[in-house]
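# got a sequence here, can you build the structure:
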Amino acid sequence: MNRKILFNSPDFEKPVPELEQYSTPPDIAFEIMKKVNSSGNLSGKVVDLGAGTGRLAIAAALLGADVTGYEIDPEAVAIGEKYSLQNNLDIMWINAAIEGIETNYDTVVMNPPFGSQRPGADKIFLEKAMEIATNVWTIHLSETRKFIEKIIEKNNFHIIELYEFEYPL
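Predicted structure coming up:
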């Protein structure tokens with residue numbers, strides 16, 4: 001992976017608080033994608049739900065994945081699309097809410113809203129991820145673990161691995 005492209009990838013220019021827009025730090029995106037790749041989960045169709053400016057999508061594309069990024073904020077999509085074009089990254093960007101996704105993917109990678117501004121936003125993302133993919137790699141606050149575990153169990157999914165990161169908000 002060309003770490004320089006990932007580590008120079010752009011942040012939000014004007015984050016929208018109601019959308020809980022915060023960028024995944026490049027070092028965390030790098031570590032997560034190394035784990036996704038070593039598990040074999042980048043070999044099929046990959047989707048980044050709530051992609052923002054695309055840090056996870058960019059990391060996946062750098063590792064050769066067939067990536068689509070869904071993001072509701074057109075400004076964030078424009079930033080991610082411009083950067084991926086400048087760096088010859090093949091990412092399909094779709095400016096849309098995730099609720100309307102009907103396409104199936106092999107793997108979801110996402111850093112969804114944590115549900116602190118819009119209660120239940122994290123649940124919407126997690127349920128959509130489990131609906132459209134077999135493999136889901138997602139970031140959540142550690143204090144929401146029991147809530148997340150209930151959603152996962154209700155949807156007949158299982159946590160295979162769990163990692164903890166120091167995550168700046």
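
# what residue is smack in the middle of the protein?
What sits nearest the mean C-alpha location of the chain, by CA atoms, centre = their mean, is Met110, with 2.0 Å.

# phi and psi next, for that residue.
Backbone torsions of Met110, given as degrees, to the nearest 10, read phi -160, psi 150.

# distance of it from Asn2?
Distance from Met110 to Asn2, counting by CB to CB, to the nearest Å: 22 Å. In this view, the C-beta of every residue, glycine as well, is placed from N, C-alpha and C.

# next one: Pro25
Per CB to CB, Pro25 is found 17 Å from Asn2.

# out of the two, which sits in the busier spot?
Taking other CB atoms under 10 Å, Pro25 and Asn2 do not tie; Pro25 has more neighbours (17 against 12).

# which regions of the protein lie under the pLDDT threshold?
By pLDDT under 70, the weakly predicted segments of the chain are 1, 17, 114-117, 119, 167-169.

# how does it look with 90?
For the chain, applying pLDDT under 90 flags the ranges 1-3, 11-25, 111-123, 139-145, 147-148, 158-169.

# residue ranges for the helices of it, please.
For the chain, applying DSSP state H gives helices covering 3-7, 26-38, 55-62, 74-86, 121-132, 145-154.
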